[in-house]
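> Got a predicted model here, sequence first, then my questions.
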Amino acid sequence: MTIYLDYAATTPLDPQVAERMAGCLTRDGLFANPASAHAPGRAARAAVEQARAQVAALVNATPQEIVFTSGATESDNLAIKGLAHFERGRGRHLITSRIEHKAVLDACKQLEKEGFEVTWLKPDSEGLIRPETIKAALREDTLLVSIMHANNELGTVNDIAAIGEQLKGHRARFHVDAAQSAGKIPLDLRAVNVDLMSFAAHKVYGPKGVGALYVRSQPRVNLEPLIHGGGHEGGLRSGTLPTHQIVGMGEAFRLARELLPQEAPRIHALRERLWRGLQHIEGVLLNGHSTQRLPGILNVSFPGVEGESLLYACEALAVSSGSACTAADQEPSYVLRALGRDDQLAGSSLRFSLGRYSTEAEVDQAVEIVTREYARLSTLAA
Amino acid sequence: MSIYLDHNATAPLDVRVLETVHPWLTGVHGNPASVHRYGRAAHAALETARAQVAALVNAQPAQVVFTGGGTEADNLALKGLCSGAPTGRLLVGAMEHSAVLGPAAALAKLGWQVEYIPADGEGCYDLEALQKMSKQGQARLLSVMLANNETGAIQDVQTMATLAHEAGTILHCDAVQAAGKLPVDFAALGADLMTLSAHKLNGPRGVGALIMNRRVSLTPLVDGGGQEQGLRGGTENLAGIVGFGRAAELAKAELHERISHARAQRDRLETGLRDLPGLKIFAAGAERLPNTVQFGIPGLDGEWLVMELDKRGIAVSSGSACHSASGEPSHVLMAMGLDTATAKGALRVSFGAGNTGQDADAVCAALKEIVSTLGKRVAAVGW
């Protein structure tokens, strides 16, 4: 039996979420098109609106500020390209960091191809974006600042409240990719100066293929849609709404809100246990800030061995050597290199991510397996 | 118990598809991009589904790009082909779905010259007009649907593809309504790009595909992560894609039964409707989808009829679900040259797997009752 420690890549569906979804699919359920005028259509629409309210409630937004998308990657693209395209007459400059998720990096690179200028901020050695570096990079024509809340590889959490403060009085809008943090740590959109925020369902025990973008209503943020058509989602995202996916996301966010107070400290304790166990291995290094981080993610460098080799050696563990989206590249993590780790150290790291179904026994077994395999590989290398 | 006759808006998930999808909704599943065993299993399931979807339309698995639905696939086809290219002409059918008309209008704002192909009174595109348009020089793209979502009229895409190719124009075919209701052959039609949607063929919503000839190069709408050969970033909707694959497999295996089942009920309804004086079936002279009939009863508003039937437990629509709230007459019927009043009278009935002949009879009976009650009420008021 494999021990799953890759919750940052994706999470299993919570059984309660699966049950709600199953009720929105077949003839005996809420299967109709939520845009239809008839009674089955209206029932599906009501379920969608309930889910919208549940998503909004987790982050203290209003339901009208939530736009459903096909996932956080689409949300990031809609936020970044949508804002740049809408505001292109007003400026050509964007600010982001070098350790954003590929969804943000690639959307910004596409804008560069279209003639926009992007400032790529470097994180500090602990993986945090310092708010003052944002202020220094701001220009008169800056349209957007896009900084992630929690980094997917390191688990480090940026101070988005402080970054938002730096932007007050400037016309630049602030987008935050919160795919990893929503439901893991408290988020209050009324307490921070954030204009756009991306969410994924599948990182919080919801389904893959659905996400949301928070679009602040006051002051209103205008976006050019990526997908035009029937005018769904206030014209920002056309396409028949997948009721089961949206209901699944709503239920996942409702559960996250309910469980967060107990779940966060429990998972935090498991991560500490994992780190305490791994620290016995000589030379291991923790990547990212030691305290300003998500409860569930631990990124560790194992000097002298290749992360990929260790990954294959620890066959009984499902962990990753970085982001799943770049797993096939075989390149050392761009995130760790941006922190100043050399290629060798960057290439010798593993990301462990814990979640709702992780147990102490699993953590202890993982420590045992990694310790054993690391010793074996080190001997082979020597 | 309600009678659902709105399968062109969305079709309920086939329980056999749910059975296939179910294991992907429970337990631990990997991200198909992960290299560990969970990831590899997810990747294998993705590729099986890709082959199943390809087989439905006689395409190669490598030609299938999964998207978040038919609307996204249409947007990817139009915008993906045009963004980055020097602006030029676009030829778009006047009766297309809003998922094609929407991106075409967005491209028009960016300087593209969008020209609409007119339709005849029977809901078919005017091939002579198209021939003249294509002789005026190369257009970047011709976008036409295989079967209309409202009237069900089937278009001669093969001829249109020949005309397009003679002029060096790329052909995109929106086959969202046709797939699973008609035999569809990507290669034989001569399409370069084709849009499919899972939920119109009893698969899950939130997943679709763009079938593409690899000679065509597209700019992605959604960047990041490099999934779907770099054409569509984002962690794959695995359960959705697996469901789409299974639904496509079933549709292919059962296509001929489904066609005869739907046609029998639709014809039974049309026979019954003959008793309603003045009732007009739209695109009656065209070859139509076997499951679809759109018609109007003189003097009666379509949206009002939808709500009257709804009160009687029968779910139908006036036309496209995407427009059900707008109150505007159908652009499809207007393109066919109907007057506004007639177009606003439209009612669409679309059959599917769960329907029986009694459902057709129930619609007929309900409509007759509504018309006769209305007649009595009008007489009583003395209008």
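Alright, I've got the coordinates. Since the model is a prediction, treat every value here as computed from it, not as a measurement.

> Residue B:87 contacts residue B:111, doesn't it?
Yes - here residue B:87 lies in contact with residue B:111, judged by Cβ atoms under 8 Å, at a distance of 4.1 Å. All C-beta atoms are positioned from the backbone trio N, CA, C, and that covers glycine.

> So between the two, which is more surrounded?
Using other Cβ atoms under 10 Å in any protein chain shown, the more surrounded residue of residue B:87 and residue B:111 is residue B:87, with 13 against 10.

> By proximity to chain A, which residue of chain B wins?
Using Cβ to the nearest Cβ, the closest approach of chain B to chain A is made by residue B:237 at 2.3 Å.

> residues near that residue, how many?
Residues near residue B:237, counting by other Cβ under 10 Å, number 28.

> for it, what are its contacts?
Listed by Cβ atoms under 8 Å, 6 or more residues apart in numbering or on different chains, the contact set of residue B:237 reads A:70-71, A:207-210, A:245, B:66, B:68, B:206-207.

> can you pull the pLDDT of it?
For residue B:237, the model assigns a pLDDT of 92.

> Please report the distance of it from residue B:95.
Applying Cβ to Cβ, to the nearest Å, one obtains 30 Å for the distance of residue B:237 from residue B:95.

> can you pull the pLDDT of residue B:119?
For residue B:119, pLDDT reads 98.

> That one and residue B:332: what is the separation?
Counting by Cβ to Cβ, the gap from residue B:119 to residue B:332 is 8 Å.

> what's the overlap in contacts for those two?
Jointly contacting residue B:119 and residue B:332 under the rule Cβ under 8 Å, 6+ apart are residue B:95.

> neighbour-wise, which of these two wins?
More neighbours surround residue B:332 than the other of residue B:119 and residue B:332, with 29 against 26 (other Cβ under 10 Å).

> and that one, which of the three is it?
Applying DSSP: H, G, I helix; E, B strand; the rest coil to residue B:332 yields a three-state assignment of helix.

> wait, it sits on residue B:348?
No - counting by Cβ under 8 Å, residue B:332 stays clear of residue B:348, with 10.2 Å between them.

> nearest residue to residue B:55 other than its sequence neighbours?
residue B:252 (6.1 Å; Cβ to Cβ, 6 or more residues apart in numbering or on different chains).

> Let me see the backbone angles for that neighbour.
Dihedral pair for residue B:252: phi -70, psi -40, per degrees, to the nearest 10.

> Quick check: the gap between residue A:302 and residue A:337.
Applying Cβ to Cβ to residue A:302 and residue A:337 gives a distance of 17 Å.

> ok, the residue nearest to residue B:55 touching residue B:56?
Yes - the criterion here is Cβ under 8 Å, and residue B:252 meets it with residue B:56 at 4.9 Å.

> Show me the shaky parts of chain B.
Chain B contains residues with pLDDT under 70 at B:1, B:27-30, B:321-326, B:378-383.

> what do you get if the cut-off is 50, keeping everything else the same?
B:383 (pLDDT under 50).

> Tell me where it has helices.
Assigned helices in chain B, in chain order: B:15-25, B:37-56, B:70-82, B:98-109, B:127-135, B:157-166, B:186-189, B:238-273, B:302-311, B:331-335, B:340-344, B:357-381 (criterion: DSSP state H).

> Likewise for the stretch 1-150 of chain A?
A:15-22, A:39-59, A:72-86, A:102-113, A:131-137 (DSSP state H, counting those that start in this stretch).

> Spell out, range by range, the strands that occur in the stretch 51-200 of chain A.
A:66-69, A:93-97, A:117-121, A:142-146, A:173-177, A:196-200 (DSSP state E, counting those that start in this stretch).

> State the helix or strand in which residue A:272 lies.
For residue A:272, the host element (DSSP states H and E) is helix A:243-278.

> For that helix, list every residue counted as buried.
For helix A:243-278, burial by neighbour count (16 or more other Cβ atoms under 10 Å in any protein chain shown) applies to A:243-257, A:259-260, A:263-264, A:267-268, A:270-271, A:273-275, A:277-278.

> mind checking the SS state of the closest residue to chain B within chain A?
Among all residues of chain A, residue A:209 sits closest to chain B, at 2.3 Å; criterion: Cβ to the nearest Cβ. Here residue A:209 is coil, with the state taken from three-state DSSP.
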